[in-house]
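Novice: the sequence isn't on hand, but the structure is:
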C-alpha cells in the first residue's frame, strides 16, 4: 500500500478522507495511530507522519 500511495495521489487522498471519516471507530483509529507512530515500515516515514498529522485533525481523535 505504501508504494501505491506514492504513485497514486487519488488513492492517497482516499486514505486521508477515510481517516477523517467518522465511520472509522475511535478504537480502530487508535490502532492505526499506534502503528503509524511505532511500526512505520522502511521508506514510510513521510506517509506515517502524514497519517498522524491528518488523523489528529479527525473528529474522533482522542
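Specialist: Looks like it arrived, so ask away. Fair warning: this is a prediction, and the values are worked out from it, not measured in the lab.

Novice: pLDDT wise, what is residue 59 at?
Specialist: Model confidence at residue 59, given as pLDDT, is 63.

Novice: an error on my part: the question was meant for residue 51.
Specialist: 84.

Novice: which SSE is it in?
Specialist: Using DSSP states H and E, residue 51 sits in helix 45-56.

Novice: also residue 15?
Specialist: Secondary structure assignment for residue 15, by DSSP H and E: helix 9-20.

Novice: buried ones in that helix?
Specialist: Burial within helix 9-20, assessed by neighbour count using 16 or more other CB atoms under 10 Å, is assigned to 12, 15, 16, 19, 20. All C-beta spots, glycine's among them, are computed from the backbone N, C-alpha and C.

Novice: in JSON lines: those, plus distance to residue 31 and pLDDT.
Specialist: Shown next, in JSON lines, are the buried residues of helix 9-20 (distance: CB to CB, whole Å; pLDDT from 0 to 100):
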{"residue": "12", "distance to residue 31": "20", "pLDDT": "82"}
{"residue": "15", "distance to residue 31": "15", "pLDDT": "78"}
{"residue": "16", "distance to residue 31": "17", "pLDDT": "75"}
{"residue": "19", "distance to residue 31": "12", "pLDDT": "71"}
{"residue": "20", "distance to residue 31": "16", "pLDDT": "70"}
